[in-house]
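Q: Okay, predicted coordinates and the sequence, questions at the end:
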Amino acid sequence: MKIQEKNLAITIKDFALGRKTFFITPDMSLFPENYLEDYFALGYECYFVEYNKNMPLDQKIDMLVSIFHDIILIFNIDYSIPDLNWYNFISDLQFKYENKIYIGVTFVKKPDKEVKGKLEKLFNYDLGIKCGCVQLEYNKNENFWIIQKILYANQAQGRRKNIRALCTKAYTFAFFHEGTQYSGTMQDISLSHFSFIYPNEKLNIKEFERIDAMDFRLKGLLIRANAVLMMKRAIGEHDTLYVFAFLDDNGLNGLSERYKQLVVPNIYNLMVNNYRNLLGKVTLSMIENKNLPNNVEDMEINL
């Protein structure tokens, strides 16, 4: 039995759930973007925000704060932008948003050792930023661990250990239950859980019931895993949301290691593509309306 092609209407508010970290104008020679995939596997949802002459940086920050309500902004203050002083820029942001955002800064190691102390005093004590003023090295491998410590120290995981990615129609499942085959599109997926919607009274699965050998197609990646139903909840009058936990080869929660290595880059790319689609839609709306829409959280995203 094929599931009805029906997903909850995905809004920007749904996507914005959870704590997110944005690295502003990062130096990719010392902090490459592929590190974000490794942090994703550890439960940190991170994105790069690059400078673009077509949109002032303060306007980009305004857009991020309007969309995401639990964010950390880490600024690379070595990056040079015409007519922008990082101290004044960050000071203005702190005054404007008060406790709505958490700010940190990074800078690369300077030949003059006194510079480090001066920068730390300027940002940590004079400005009082909450996420620290951190020196990076010229070795990008060392920087991986330095930045991970920043994320850990500032609780960048938030409440979730595994990041939930909203699914497109390319993320499907199929399984047998009591002699009948069921298939359809997933609602969301993480390294530990997934969910889907099914019409009421069409799928008789009890909570904590285990389903073996479920087949998943994750945008071309095929995997087979066991799962247990953790929760089901009515959605409107006619549908039910089913939330499953993956089980590994030993029956423990989570994907087996052999699959996790394949699934991490897959889900990470899904998450990044969704993020880019979201920002693209909001940016287009800003261009058309010359301002952020008032109902930005209610805007639907076509995944």
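A: Now that the structure is in, tell me what you want to look at. Residues are numbered from 1 along each chain as shown.
Q: hey, where'd the strands end up in the stretch 51-200 of the chain?
A: 71-76, 101-108, 133-136, 165-166, 171-177, 180-185, 188-189, 193-199 (DSSP state E, counting those that start in this stretch).
Q: can I get those strands in CSV with distance to residue 264 and mean neighbour count?
A: In short, each C-beta sits where N, CA and C put it, glycine included. Formatted as CSV, the strands of the stretch 51-200 of the chain follow (distance: least, CB to CB, whole Å; neighbours: other CB atoms under 10 Å):
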stretch, distance to residue 264, mean neighbour count
strand 71-76, 22, 24
strand 101-108, 25, 22
strand 133-136, 25, 19
strand 165-166, 11, 24
strand 171-177, 15, 18
strand 180-185, 21, 16
strand 188-189, 12, 24
strand 193-199, 15, 20
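Q: Go ahead and flag the most central residue of the protein.
A: The residue lying closest to the centre of the chain (CA atoms, centre = their mean) is residue 45, at 3.8 Å.
Q: Which other helices and strands does the strand or helix carrying residue 277 contact?
A: Using DSSP states H and E, residue 277 sits within helix 257-289. Applying 3 or more CB pairs under 8 Å, 6 or more residues apart in numbering; DSSP states H and E, one finds that helix 257-289 contacts helix 12-15, helix 35-41, helix 57-67, strand 165-166, strand 210-218, strand 221-235.
Q: Out of those, which gets nearest to residue 140?
A: Minimum separation from residue 140 across the helices and strands packed on helix 257-289 (CB to CB) falls at helix 35-41, 8.2 Å.
Q: pLDDT value on residue 56, please?
A: For residue 56, the pLDDT comes out at 88.
Q: mind listing what's buried in the helix or strand bottoming out on mean pLDDT in the chain?
A: Across the helices and strands of the chain, the lowest-confidence element by mean pLDDT, DSSP states H and E is helix 12-15, at a mean of 79. For helix 12-15, the neighbour count (16 or more other CB atoms under 10 Å) marks 12, 14-15 as buried.
Q: try stretch 135-145
A: Going by neighbour count (16+ other CB under 10 Å), the buried part of stretch 135-145 is 136, 143.
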